[in-house]
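Student: Fold the following and give me the result.
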Amino acid sequence: MQLDDIRFLFAYDRWATRKILAALNGPDASAWVAPGVIGELGLGEILVHQLGAHQRWRNALAQTGLDPRPEDGPLPSPAALGPAWDAEWGTFDAWFPTLTDSWLARRHEGVPLWQMLVHVVNHGTQHRSEAAAILTGAGRSPGELDMIFFAEEIAAAAAQGRP
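Tutor: Coordinates of the predicted model:
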């Protein structure tokens, strides 16, 4: 796995997460705070956990010594979740250029670091799917979240000369 592959996966992860965040405008407050919708978690808890996991993995891999746990605090509003993700993406964007292909090949407890990064994206996919099911049930489908739709969107933009 090369850095460009990881960059693509995280760009997809961000694209799909933004679609979920956009669908949050509208469901009633009870859908956001309802517990036990998927396992023990409700929509808000699922999405805050997704953010916290992304933060923890980035901090662990960057060896910052930080261990953020937004799940342990009060549940933020849906409107507050977007800015929290924007902050995380900004920090991720500052860290990512420090990575190299040789770093990706390094191992931690026998697992290549690139596989840990792929896990972060896959973990997000699980929780976006759960959130999408809840949102769709509330009449707020985020639309297609499959990676192929992201890839086609990127290809179409490139064909039109857009970044």
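Student: the longest helix in the chain is where?
Tutor: helix 113-137 (DSSP state H).
Student: List the buried residues of the helix-or-strand element of the chain with minimal mean pLDDT.
Tutor: Within the chain, no helix or strand scores below helix 29-33, which has a mean of 79 by mean pLDDT, DSSP states H and E. Across helix 29-33, burial judged by 16 or more other CB atoms under 10 Å covers A31, W32. For the C-beta atoms, the positions are set from N, CA and C on the backbone; glycine is no exception.
Student: continuing past it, what's the next helix or strand?
Tutor: Next helix or strand after helix 29-33 toward the C-terminus (DSSP states H and E): helix 43-62.
Student: pLDDT of that following helix, averaged?
Tutor: Averaging pLDDT along helix 43-62 yields 97.
Student: how far does it sit from the chain's center?
Tutor: Distance of helix 43-62 from its chain centroid, counting by CA atoms, centre = their mean, to the nearest Å, is 8 Å.
Student: circling back: now for the least confident helix or strand of the chain, which elements pack on it?
Tutor: helix 43-62 (3 or more CB pairs under 8 Å, 6 or more residues apart in numbering; DSSP states H and E).
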